[in-house]
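Asks: After the sequence you'll find the predicted model.
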Amino acid sequence: MGKGLSKTLFQVENLFCERDERILFEDLSFNISSGEIVQVEGQNGSGKTTLLRILSGLSNNFEGDLYWQGEPLADVRDDYKRQLLYFGHHPGVKAILSPEENLRWYVAMHPGMRANSIADALDKVGLSGFEDVPCHTLSAGQNRRVSLARLYLSNARLWILDEPFTAIDKKGVAEKEQLILDHANKGGSVILTTHHELAMGDKVRRLNLDEMAGT
Amino acid sequence: MEQILTNERSDSAENTLMGLFWAVLKRDLMLAYRKKSDLFNPLVFFLMVATLFPLGVSPEPDFLAEVAPGVVWVAALLATLLSMDSLFRSDFEDGTLEQTLLSPQPLFVIVLSKVLAHWMMSGLPLTLLAPLLGVMLFLPAEGMSGLMLSLLLGTPTLSLVGAIGAALTVGLRKGGVLISLLVLPLYIPVLIFGTSAVQAAVTGLPLAGFFALLGAMLALGVVMAPLAIAAALRISVSG
């Protein structure tokens, strides 16, 4: 990775968030450059999910400034949504739809996605043969795999992944780590939380929320 | 390095607004079809009210004919209200609502399509079932067309307004009661003009005025309600 590539993609300035009269973080400032993987760390309840929801634009419960490619996030929200893939606390999989129907719906919602490779993506997450069964008959891990299949379909530049490896087996985790690494090598950025030990070594920048906690 | 930035625009139908509208509509109708209990709940309620009302009050045909417009309309209104809570609830619980809000597609179109799908599963069957209730309650034959037309124009408005309440309360664990309190006052104008239209049809008075007013409310609802629903959903998910 050349130095010229590492331009700032996402910028967070003086972020302050309070929940139930408890300060989760204050004066939190950091940049995410393209090609960078940022792992948000912290104890349970330290505000990892809250931070990711703020960054994704779902939560307005904060003070501070967010910038996307140098522009205030509120001004470029449509462009930002096009460039964002968010994997949330809830995987966003409809239990009474099949994996394929779920992904078709995502593609309809995100016109930039590659609709023609849905079967391919399901194959890559190990769900070939399960395309047409309702998701409620699948295991918890398989349900999360349905949602993770979006990673193979997406053209998004920034991935925000909240605990993507929960309930995923070891082989699956290794594949997803490779996928994340590939995404970063192509110039994309990833922000994720996980309790897994990532095998990506020095590629990952860590952001510890426990140190940011209010006094 | 910029290759992942180029938005590969596939030429699929989903790229147009109409395509998006159909995709959401198709999905929601499919969900409703696979979960039939939600579908039949308001209909059964609607039928029960009409069946029990004569038993509880009076089986006199003259009396029933007089109150039939009001009873059918109130039953339809309450049946719609009953079905409202489920509109965004399951999407909220499994996280698909979050994904909807993060979609670059216009929320106005998505919301309008969802409400239409909901109406096709509640308001439309209620309208089609209404003549049966009319017969059970001895509504004169002249009133039938008025009843159906007023429900056809009125129930979409009920769905649109109810969806605002559903969107505002979806983040709360027990939103059901709150929806009724929020939405019921806004239902009253629709109820008044709806029943008046049926009564006018029975007595042979001109109907155009009532339908014009119901239509105006619907037109206003189609334009304004999706904006309010979208804003309410953002607040509910943000909280």
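Replies: Received, thanks. Keep in mind it's a predicted model, so treat the numbers as computed, not measured.
Asks: Can you name the residues that contact A:Q39?
Replies: Listed by C-beta atoms under 8 Å, 6 or more residues apart in numbering or on different chains, the contact set of A:Q39 reads A:L192, A:T193, A:T194, A:L198, A:V204, A:R205, A:R206, A:L207. (Each C-beta comes from the backbone N, C-alpha and C, glycine too.)
Asks: what's the burial count for A:Y67?
Replies: For A:Y67, the number of neighbouring residues by other C-beta atoms under 10 Å in any protein chain shown comes to 17.
Asks: any chance of the contacts of A:Q39 in a markdown table, plus secondary structure and neighbour count?
Replies: Below are those laid out as a markdown table (DSSP: H, G, I helix; E, B strand; the rest coil; neighbours: other C-beta atoms under 10 Å in any protein chain shown):
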| residue | secondary structure | neighbour count |
| --- | --- | --- |
| A:L192 | strand | 23 |
| A:T193 | strand | 23 |
| A:T194 | coil | 19 |
| A:L198 | coil | 17 |
| A:V204 | strand | 18 |
| A:R205 | strand | 13 |
| A:R206 | strand | 10 |
| A:L207 | strand | 19 |
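Asks: from the residues you listed, which single one is nearest A:Y67?
Replies: A:L207 (16.9 Å; C-beta to C-beta).
Asks: Quickly list what the residue nearest to that closest one when sequence neighbours are not counted is bridged to.
Replies: Sequence neighbours aside, A:V40 is the residue nearest to A:L207 in space, at 5.1 Å (criterion: C-beta to C-beta, 6 or more residues apart in numbering or on different chains). For A:V40, the beta-bridge partners under DSSP bridges are A:T193, A:L207.
Asks: Can you pull out the low-pLDDT segments for chain A?
Replies: A:1-6, A:201, A:212-215 (pLDDT under 70).
Asks: can you give me the strands in it?
Replies: For chain A, the strands defined by DSSP state E occupy A:8-19, A:22-33, A:37-41, A:63-68, A:71-72, A:84-87, A:158-162, A:189-193, A:204-208.
Asks: if I pick the closest residue to chain B within chain A, what's in contact with it?
Replies: Relative to chain B, the nearest point of chain A is A:H90 (2.8 Å; C-beta to the nearest C-beta). Taking C-beta under 8 Å, 6+ apart, we find A:H90 in contact with B:E93, B:D94, B:G95, B:E98.
Asks: List only those of those residues flagged as buried.
Replies: Using 16 or more other C-beta atoms under 10 Å in any protein chain shown as the burial test, those include B:D94, B:G95, B:E98 as buried.
Asks: Those residues in helices, which ones?
Replies: Among the buried ones among the contacts of A:H90, the residues falling in helices (DSSP state H) are B:D94, B:E98.
Asks: filter the buried ones among the contacts of A:H90 down to the ones close to chain A.
Replies: Among those, the ones lying close to chain A by the criterion of C-beta under 8 Å from any C-beta of the partner chain are B:D94, B:G95, B:E98.
Asks: Tell me who's in contact with whichever residue of chain B sits closest to chain A.
Replies: The nearest approach of chain B to chain A comes at B:G95, 2.8 Å away (C-beta to the nearest C-beta). B:G95 is in contact with A:G88, A:H89, A:H90, A:P91, A:G92, A:V93, counting by C-beta under 8 Å, 6+ apart.
Asks: how about JSON lines for the residues you listed, with distance to A:G70 added?
Replies: Output for the contacts of B:G95, formatted as JSON lines (distance: C-beta to C-beta, whole Å):
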{"residue": "A:G88", "distance to A:G70": "26"}
{"residue": "A:H89", "distance to A:G70": "29"}
{"residue": "A:H90", "distance to A:G70": "32"}
{"residue": "A:P91", "distance to A:G70": "32"}
{"residue": "A:G92", "distance to A:G70": "30"}
{"residue": "A:V93", "distance to A:G70": "35"}
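Asks: need the contact list for B:S180.
Replies: With contact set as C-beta under 8 Å, 6+ apart, B:S180 has these partners: B:L81.
Asks: would you say it is within a helix?
Replies: Yes. Read with DSSP: H, G, I helix; E, B strand; the rest coil, B:S180 is one of the residues of a helix.
Asks: Would you mind measuring from it to B:G123?
Replies: According to C-beta to C-beta, to the nearest Å, B:S180 and B:G123 sit 17 Å apart.
Asks: How about the contacts made by B:L147?
Replies: Applying C-beta under 8 Å, 6+ apart, the residues near B:L147 are B:P69, B:V72, B:A130, B:P131, B:G134, B:L139, B:V198, B:A201.
Asks: ok so, going back, shouldn't the residue nearest to A:L207 be in contact with A:L209?
Replies: Yes. Shown here, A:V40 and A:L209 form a contact pair, counting by C-beta atoms under 8 Å, at 6.4 Å.
Asks: so what sits against both of the two?
Replies: Common neighbours of A:V40 and A:L209 (C-beta under 8 Å, 6+ apart) are A:K48, A:L51.
Asks: list the helices and strands the lengthiest helix in chain A packs on?
Replies: Within chain A, and with DSSP H defining each element, the longest helix by residue count is helix A:170-185. Helix A:170-185 is packed against strand A:37-41, helix A:140-148, helix A:150-153, strand A:158-162, strand A:189-193, with contacts defined by 3 or more C-beta pairs under 8 Å, 6 or more residues apart in numbering or on different chains; DSSP states H and E.
Asks: Number of residues surrounding A:N61?
Replies: By the criterion of other C-beta under 10 Å, A:N61 has 14 neighbours.
Asks: Please apply the same query to A:E163.
Replies: Using other C-beta under 10 Å: A:E163 sits among 20 other residues.
Asks: which ones are touching it?
Replies: Applying C-beta under 8 Å, 6+ apart to A:E163 gives the contacts A:H89, A:T193, A:T194, A:H195.
Asks: ok, now with 10 Å
Replies: Neighbouring residues of A:E163 by C-beta atoms under 10 Å, 6 or more residues apart in numbering or on different chains: A:48-49, A:52, A:87-89, A:91, A:144, A:192-196.
Asks: pretty sure A:S29 is in contact with A:L15, am I right?
Replies: Yes. With contacts counted by C-beta atoms under 10 Å, A:S29 reaches A:L15, the gap being 7.1 Å.
Asks: Tell me which residues of the helix or strand B:V109 falls within come out buried.
Replies: In this structure, B:V109 sits in helix B:107-121 according to DSSP states H and E. By 16+ other C-beta under 10 Å, the buried positions in helix B:107-121 come out as B:107, B:109-121.
Asks: Output those as a markdown table; include the columns distance to chain A and pLDDT.
Replies: Putting these into a markdown table (distance: C-beta to the nearest C-beta, whole Å; pLDDT from 0 to 100) gives the following:
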| residue | distance to chain A | pLDDT |
| --- | --- | --- |
| B:L107 | 11 | 94 |
| B:V109 | 11 | 95 |
| B:I110 | 8 | 96 |
| B:V111 | 13 | 97 |
| B:L112 | 15 | 96 |
| B:S113 | 11 | 96 |
| B:K114 | 12 | 96 |
| B:V115 | 17 | 97 |
| B:L116 | 16 | 97 |
| B:A117 | 13 | 96 |
| B:H118 | 16 | 95 |
| B:W119 | 20 | 96 |
| B:M120 | 18 | 95 |
| B:M121 | 14 | 93 |
